[in-house]
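Enquirer: Structure, please.
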Amino acid sequence: VQLVETGGGSVQSGGSLRLSCVASGLTLSWYVMSWYRQAPGKERELVARTTTAGGSTNYADSVKGRFAISRDNAKNTVYLQMNSLKPEDTAVYYCNANRRALGNEFDYWGQGTQVTVSS
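Expert: Coordinates of the predicted model:
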């Protein structure tokens, strides 16, 4: 199983970025997909999550109204559209795939992509 994030980079405050996470070795539609981030000196935190069919999403309060998570199960890809970026959004962003079935938990992480927002 491999999750590969792309789309990170450096942007000025107020700008936008779109992160992508391409999954291989698993059937994306079986997994709850999430984006997390970790800033220097801070714990990893949940940014956004989408259920298997994408019908339900939830967001950290700090990104509500600015970020949008979506998924294309046919392409095995999850996206995070980030608008109105702020310097406090600077972090490494990680894609996570999670599934619980028959008493087992399957949990996978990508390698992360750096997002830097300058004021």
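Enquirer: Quick check: which element contains the nearest residue to residue 106 once chain neighbours are set aside?
Expert: In space, and not counting its chain neighbours, residue 106 is closest to residue 99: 4.5 Å by Cβ to Cβ, 6 or more residues apart in numbering. No exception for glycine: its C-beta is placed from N, CA and C like everyone else's. Assessed by DSSP states H and E, residue 99 sits inside strand 91-101.
Enquirer: I'd guess residue 53 is in a strand, am I close?
Expert: No: counting by DSSP: H, G, I helix; E, B strand; the rest coil, residue 53 is located in no strand; its state is coil.
Enquirer: My read is that it contacts residue 29, right?
Expert: Yes: contact status for residue 53 versus residue 29: in contact at 7.3 Å, counting by Cβ atoms under 8 Å.
Enquirer: Compare those two and say which one has the larger neighbour count.
Expert: Between residue 53 and residue 29, counted using other Cβ atoms under 10 Å, residue 29 has the larger neighbour count: 13 against 9.
Enquirer: Wasn't the more buried one part of a strand?
Expert: No: Residue 29 is assigned helix when assessed by three-state DSSP, not a strand.
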